[in-house]
Structure formats: structure tokens, C-alpha cells
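Asker: sequence and predicted structure, then a few things I'm wondering about:
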Amino acid sequence: MTRSGWVVVLLTVVAVAGVVLVADARHHRAANTSKSVVATANRSDVDLKSVLSIQQRGDVLNVVATITVLNKTDRPLMYVGVPCYAPAHAAFASTLQPPAGPPYPPAAAALRVQVMDYRRTLDQIGYFEPSPTHLTDMDPCDNTGPPMLPPRKTITYTMTQFLGTYAQPDVDAATTDVVTTLRLGSLPAAWAGRFPPPIQVVDTVQVRTPLSTVSDISRQSMADYDATSRHFDLLMNDPRVAAWVDSQDPASWRAARLEPDYRHPGAWTFEAFHHAWALPLVVEGTDMALTTMQIPDEPWHPAPSTDPVLPPDSSSADRADLPYRDLYVGDLVLPSGRVMVGDGFASDNEVLFDYGLRPGSYPIHIVTAKTLYRSEDFEFVAWEELLLSSSPVTHWEPAVPVGHSMKELQPGELFIFGTDGGGGGFASPEAMKYVDAALASTADDPLLTPLSEREEANDWLWAMTTVDSKTGANVFVTSTGGDGGFPIILGLDAQNRPAVLLSDFGSLQMTYSGMRL
């Protein structure tokens, strides 16, 4: 985008914001910020208290939960969560219930539960954030050990969540509870392997407070259970869909969504991911009939996994997160030997490198990490690497893109790629031409949609798809864990030849050959 383009966007946002401010001023109401409601739960070993109140700043409303946890014993108590972090969490819970469905077979019944659970989340949007000072009552605290409640100590902190404004509310107070939950846990007495198991829940302490006791903010439910139920019934009345769904393992659904298609009024789209398949079941329809259908036929195969090791001549300063798995996710095809690093969804977000590689296929690995003692499903990508040769790496240096030189870098600087979609990856310039063409098309995207679907099927860790059947050119994407700029470094062998192209996502506080990323 040109500089003038940015000015146009900025001016547009300011103008829209001005309209919203005027509209909000007309609907200004004062909430009762002096009222608070106390809820408590007592056990023989802990007390849990949550005090709910409303905070108003201008037209913006927040709900504040002041949480107190008391360990009444003379010993530390383990809890499920993150060490040195808020042990009890507040969350929204909708009190609305979906209508009962017909007596479906087990797989369809389990799928319907997934769909309704997703619709419920639309009325529970929000994440209660702890106050910046919430750790002070837990000092001293060892964040490398299991999360513990100190003996005979009271911990107090606040968690806050945005409610919206009276003109544009995010939740409906009359049908929403604020639930504060503390999960006490334990670890096995002994375990084999390098990575400790997750903490197991042994007791749950919970308090529930109706949001209506402190707020009268209201909105229409977003769950739309009745329409969702009708559309799901229509879906399952199709013999092709019903036969496929009924043949699946009921316990292996990953996720399922049925939601309005806002591009076409009156239409809806259904997606269901199952562990057995690399792509989802996708069905589109209206109130009267199904219109399109994509039944998956490509089996899902897990990426081969090995125990990870830190790259040669590197170290990690992180003691709370550890490398978890090294996944070989496939080979990147480079028709001309040139490679691009970026988010995989537009060449404008890609950085080009040319190391004189032979055209061919090059292995890609991602190394995932986990926070100690967290649940099995909490896994994130620490770095990605493209193996340029079979030679072992002996040292690292900044990777220099085409058209640039090392002279541009100040001490401690590295070339980076940027993303505002939380994604990274590798591709060839030949593959990215197809991606750019798909991005510019007004038709439904035949390339980028499957790429996103494959990433979700792989638990949002990675995806790869071929975009040119003639050359085999393909695109690989992975999760960086957030937006921003991520450094790219080059691993060299003993003869100073390129061996590995690596991008680090900053989660493990890594140092490579003295370079701090």
C-alpha cells in the first residue's frame, strides 16, 4: 500500500470513529458502579471468594472480579494452571440451553453437541485478564516448578473483562453467569521420560454469580439455537451426509461449526473436523435445501515425530517452557532453488533467499514446545527450519535476503519477516505466484481455504498444500504464536556452506552462535 493509501485508511477510521462517538453520546447511561456481589466456596483446605462489580469509563463498561484464594493448610497445594499466575480464573457462562435433538446415532449425536457447544461460545466471548499486579501476593515464586498455593497464605487479585457499551453490548447480563474456578491438582509420584506429565485435577472449587446482579446490559443471543437445530436436522436428513457422519468414531470429532453465511442472506455453512481426515466435511445450505457438499476422502496422517534437541551452537534461557516434539512435516519443492520465508498468504509478506540450491525437494521440520505441567493439548511452535543439505550445522549467521547485504545490519540486528496473521512458513517464488493470483480472485479461494483447513486439522500447528501439479510447487505454513516480526538465520556447516534456513518465533529465549533473538 502506498503512503497515500495509508492516509486514506486512517482518515476513514477517524471519520467512522467520530460517528460512533456521537451515537454513543446519545445513548449514554451510568451503570451502578457502587454495587458489588460476593460469592464464596469453602473446602477443608481452601477458601475461594469472588467479588463482582462494574467499572465504567465513559461509555465503556467492564466487569471486575476480585478473587481471593486462601490455602488453609500448612503445606503447599498444587493447582492446574501456570506457575506464578492467577490460580483461579473467571469466565462467562451462558445459561441458555439448546433444544433437545432427535435420537441420532452416536456419531451424529456427538457432532450435534460439538455444534451447539460452538454456538454457546458466541454468547461467552471474552477472556478475563488478570491485573498487572496479580503476582505480588505469590512472591516468592518458582516458575520452573509446579504451580503452588503457598501454605497459610491469602492471594488476592482482580480479573477484568470488557462488557461493551449500552449501545453496543457484548454480552447479555440476564442470561450470563460469571464463573470463577480453581482446580486443585496432583502429579504422579514418578514418571519416565524427559518431560513431566500434566497436572491432573483432583478437586474443583467454583463459584457462580449471575451477571444480572451487578449489570442490566442486554443483547440478543448470538447462539441462535433454534435455527441451528433446524439446519442441523436438514443436514442429517441428507443420506450422503448421514452415512458419512454415522461411519465416524463419535469420540474423534475435533471441532464443528454451523453459522450463517453473511455473504448470502438466508444461507449457512457447516464445517466439521474429524481426526481421521485431513480436510473437513463442508456443507452449505439454506432453510430449504443443501446447496453444496464437500465430503472428505483424504485420510489424516500424523507427522513423524522425534524428541527435539536444541540446534547446534545454540542455547535457551527459558526454564518454564521446553522443546516438546520435532515434527518432520514434509518436503518443500523449489522449482528454481530459490526459497521465500513469510506467512504463506501473500508474496508481499515473503522474504526471498537464493543460495544457489539445486531445484528439488527440501525437508521441513518444526519444533514445538510446551509449558511445564500444562495439559496435553497446550503445544506451540518454537521454530521452523528448512534443511538445505545433510551437512551438520556448526555455526549461525544472519540470513541475507536477495537485494540486501550484511552491511545493512547494525550489531545485534537480523533480517526479519513480518506477519499480522500469526503465521510463518516457507514457499518458492513460483508457488507464491499462484497464491497471489488466488488472493486477487473474487471467486471462492481454491488454494488458501484448503491451506487454512489443513492447518486446523493439524491442531493449528502446520499445513502444506500443492499449488501447481506440474512442478509440484507447494506452500508450507505454521503458527508463530502471534503477530510481529520474526528473525531468519542461516545455519552453516564446517565448510561455511548453507545447511539450514531457520526462523525462530521467540518463545524459548534462544541464542544462536552468540546472536540473541
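Answerer: Received, thanks. Numbering: from 1, shown residues only.
Asker: return the distance of Leu96 relative to His231.
Answerer: 18 Å (C-beta to C-beta, to the nearest Å). Just so you know, the C-beta spots here come from the backbone N, C-alpha and C atoms, and that holds for glycine as well.
Asker: neighbour-wise, which of the two wins?
Answerer: Under the neighbour definition other C-beta atoms under 10 Å, Leu96 and His231 were set side by side, and His231 has more, 24 against 14.
Asker: okay, helices next: where are they in the stretch 401-517 of the chain?
Answerer: Taking DSSP state H, counting those that start in this stretch as the criterion, the stretch 401-517 of the chain carries its helices at 429-440, 448-457.
Asker: tell me which helix or strand of this protein sits lowest on mean pLDDT?
Answerer: Ranked by mean pLDDT, DSSP states H and E, the weakest helix or strand in the chain is helix 3-26, scoring a mean of 30.
Asker: give the partner strands of the next helix or strand after it in its sheet and their orientations.
Answerer: Of the helices and strands lying after helix 3-26 in sequence (DSSP states H and E), the nearest is strand 36-42. Paired neighbours of strand 36-42 in the sheet (DSSP bridges): strand 46-57 (antiparallel).
Asker: now the strand it pairs with: buried residues?
Answerer: Buried residues in strand 46-57, defined by neighbour count with 16 or more other C-beta atoms under 10 Å: 46-54, 56.
Asker: between these, which is nearest Lys433?
Answerer: Using C-beta to C-beta, Gln56 comes nearest to Lys433 of the buried residues of strand 46-57, at 52.4 Å.
Asker: could you list the low-pLDDT ranges of the protein?
Answerer: Residues of the chain meeting the criterion pLDDT under 70: 1-28, 132-139, 190, 192-193, 376, 442-446.
Asker: list the buried ones in the longest strand anywhere in it?
Answerer: The longest strand of the chain (DSSP state E) is strand 321-334. Buried residues in strand 321-334, counting neighbours by 16+ other C-beta under 10 Å, are found at 321-327, 329-334.
Asker: heading C-terminal from it, find the next helix or strand.
Answerer: strand 339-341.
Asker: buried sites along that following strand?
Answerer: So strand 339-341, judged by 16+ other C-beta under 10 Å, has buried residues 339-341.
Asker: could you measure Leu414 against Pro312, distance?
Answerer: 18 Å.
Asker: of those two, who's got more company?
Answerer: When neighbours are counted by other C-beta under 10 Å, Leu414 and Pro312 differ, and Leu414 comes out ahead with 19 against 16.
Asker: and the gap between that one and Ala473?
Answerer: 27 Å.
Asker: Trp462 contacts Phe380, correct?
Answerer: No: here Trp462 does not reach Phe380: they are 11.6 Å apart, not a contact under C-beta atoms under 8 Å.
Asker: now do the shared contacts for those two.
Answerer: Ser479 (C-beta atoms under 8 Å, 6 or more residues apart in numbering).
Asker: so the two - more neighbours on which side?
Answerer: The neighbour comparison of Trp462 against Phe380 (other C-beta under 10 Å) goes to Trp462, with 23 against 18.
Asker: residues contacting the nearest residue to the more buried one once chain neighbours are set aside?
Answerer: Sequence neighbours aside, Thr478 is the residue nearest to Trp462 in space, at 4.4 Å (criterion: C-beta to C-beta, 6 or more residues apart in numbering). For Thr478, the contacting residues are 366, 381, 384, 423-425, 455, 461-463, by C-beta under 8 Å, 6+ apart.
Asker: any idea how far Pro312 is from Thr478?
Answerer: The gap separating Thr478 from Pro312 is 22 Å, by C-beta to C-beta.
Asker: out of the helices of the stretch 401-517 of the chain, which comes closest to Leu211?
Answerer: Short answer: helix 448-457, nearest of these by C-beta to C-beta, at 31.4 Å.
Asker: which elements pack onto the closest one?
Answerer: strand 253-260, strand 268-274, helix 429-440, strand 462-466, strand 474-479 (3 or more C-beta pairs under 8 Å, 6 or more residues apart in numbering; DSSP states H and E).
Asker: just the CA atoms of that helix, as CSV, please.
Answerer: Coordinates of each C-alpha in helix 448-457 appear next as CSV, following Å, rounded to 0.1, in the frame of the first residue of the first chain:
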residue,chain,number,x,y,z
LEU,A,448,-5.9,-20.7,0.6
THR,A,449,-9.1,-22.2,2.0
PRO,A,450,-7.7,-25.8,2.0
LEU,A,451,-4.4,-24.4,3.5
SER,A,452,-6.3,-23.0,6.4
GLU,A,453,-8.5,-26.1,6.7
ARG,A,454,-5.4,-28.3,6.8
GLU,A,455,-3.8,-26.2,9.5
GLU,A,456,-6.9,-26.5,11.7
ALA,A,457,-6.9,-30.3,11.1
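Asker: so which bits of it are buried?
Answerer: Neighbour-count burial for helix 448-457 [16+ other C-beta under 10 Å]: 448, 450-457.
Asker: from the chain's centroid, how far away is it?
Answerer: 14 Å (C-alpha atoms, centre = their mean, to the nearest Å).
Asker: cool, and stretch 114-123?
Answerer: 17 Å.
Asker: who's in contact with it?
Answerer: 92, 94, 96, 98, 171-172, 175-176, 221-225, 228, 232, 253, 255-258, 270, 272.
Asker: got a ChimeraX select line for the buried ones in those residues?
Answerer: ChimeraX command restricting these to the buried ones, with burial defined by 16+ other C-beta under 10 Å:
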select :92,94,98,171,172,175,176,221,222,223,224,225,228,232,253,255,256,258,270,272
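Asker: domain map for the protein?
Answerer: Per the record, the chain has its domains at 29-213, 225-294, 305-516, by automatic domain parsing.
Asker: ok so, going back, any chance of the buried residues of helix 448-457 in a markdown table, with distance to Ser316 too?
Answerer: Shown next, in a markdown table, are the buried residues of helix 448-457 (distance: C-beta to C-beta, whole Å):
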| residue | distance to Ser316 |
| --- | --- |
| Leu448 | 34 |
| Pro450 | 35 |
| Leu451 | 30 |
| Ser452 | 30 |
| Glu453 | 33 |
| Arg454 | 29 |
| Glu455 | 26 |
| Glu456 | 29 |
| Ala457 | 30 |
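Asker: closest one of these to Ile125?
Answerer: Glu456 (19.2 Å).
Asker: can you give me the neighbour number for the nearest residue to that closest one once chain neighbours are set aside?
Answerer: Leaving out its chain neighbours, the residue that sits closest to Glu456 by C-beta to C-beta, 6+ apart is Phe273, at 6.1 Å. For Phe273, the tally of surrounding residues (other C-beta under 10 Å) stands at 23.
Asker: do the same with Pro196
Answerer: 14.
Asker: same check on Pro392?
Answerer: Pro392: 11 surrounding residues under other C-beta under 10 Å.
Asker: verify the contact between it and Pro311 for me.
Answerer: No: the criterion here is C-beta under 8 Å, and Pro392 misses it with Pro311 at 10.4 Å.
Asker: return the backbone torsion pair for the nearest residue to Thr176 once chain neighbours are set aside.
Answerer: Spatial nearest neighbour of Thr176, chain neighbours left out: Leu211 (4.5 Å); criterion: C-beta to C-beta, 6+ apart. Backbone torsions of Leu211, given as degrees, to the nearest 10, read phi -60, psi -30.
Asker: distance of Leu211 relative to Val64?
Answerer: From Leu211 to Val64 the distance is 12 Å (C-beta to C-beta).
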